[in-house]
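Asker: sequence below, structure please.
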Amino acid sequence: MAITVNDRIDVRISKEQKELIKYASELSGFKSLSEFIVYHVQAQAQKIIKDSNTILSSMEDKRIFLEAILNPAEPNDALKKARLNYEKFKEANESSAIAKTP
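Answerer: Here you go, the predicted structure:
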């Protein structure tokens, strides 16, 4: 597979990181450290993009999600009741945990 090189990325890493990556590259049978890094970074980038597009597949989905995060709706009665129930549950469990402590 021919790769055309027409851009460059410079990265600083520790000697230990480089040795670890070099060893993994050799174990994987890559011709060079650069080939190993490019292959795995590209694969990870494609996975991140695929995962992102699977969860929020359109720009409209992303806009709605971001709007909900930045400007959340006021809690409704059901959510307020659920929070009270959770607080009661948490208090009861904390009380019983303290009572069981020797």
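Asker: okay, CA-based contacts and neighbour counts for the rest of this
Answerer: Fine.
Asker: distance check, residue 7 against residue 38.
Answerer: The gap separating residue 7 from residue 38 is 12 Å, by CA to CA, to the nearest Å.
Asker: okay, these two: which has more neighbours?
Answerer: A direct count of neighbours by other CA atoms under 10 Å for residue 7 and residue 38 places residue 38 higher, at 11 against 5.
Asker: off-centre distance for the lowest-mean-pLDDT helix or strand in the chain?
Answerer: Lowest mean confidence among the helices and strands of the chain (mean pLDDT, DSSP states H and E): helix 77-100, at a mean of 85. Relative to its parent chain, helix 77-100 has a centroid offset of 30 Å by CA atoms, centre = their mean, to the nearest Å.
Asker: could I get the CA-only coordinates of it as PDB?
Answerer: Only the C-alpha atoms of helix 77-100 are listed here, as PDB (Å, rounded to 0.1, in the frame of the first residue of the first chain):
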ATOM      1  CA  ASP A  77     -43.100  17.100  39.100                       C
ATOM      2  CA  ALA A  78     -42.100  13.500  38.300                       C
ATOM      3  CA  LEU A  79     -38.400  14.300  38.400                       C
ATOM      4  CA  LYS A  80     -38.700  16.300  41.700                       C
ATOM      5  CA  LYS A  81     -40.600  13.300  43.200                       C
ATOM      6  CA  ALA A  82     -37.900  10.900  42.000                       C
ATOM      7  CA  ARG A  83     -35.200  13.100  43.600                       C
ATOM      8  CA  LEU A  84     -37.000  13.100  46.900                       C
ATOM      9  CA  ASN A  85     -37.400   9.300  46.800                       C
ATOM     10  CA  TYR A  86     -33.700   9.000  46.000                       C
ATOM     11  CA  GLU A  87     -32.700  11.300  48.900                       C
ATOM     12  CA  LYS A  88     -34.900   9.200  51.300                       C
ATOM     13  CA  PHE A  89     -33.400   6.000  49.900                       C
ATOM     14  CA  LYS A  90     -29.800   7.400  50.300                       C
ATOM     15  CA  GLU A  91     -30.500   8.500  53.900                       C
ATOM     16  CA  ALA A  92     -32.000   5.100  54.900                       C
ATOM     17  CA  ASN A  93     -28.900   3.300  53.400                       C
ATOM     18  CA  GLU A  94     -26.500   5.600  55.100                       C
ATOM     19  CA  SER A  95     -28.300   5.200  58.500                       C
ATOM     20  CA  SER A  96     -28.200   1.400  58.200                       C
ATOM     21  CA  ALA A  97     -24.500   1.400  57.100                       C
ATOM     22  CA  ILE A  98     -23.600   3.500  60.200                       C
ATOM     23  CA  ALA A  99     -25.700   1.200  62.500                       C
ATOM     24  CA  LYS A 100     -23.800  -1.900  61.200                       C
END
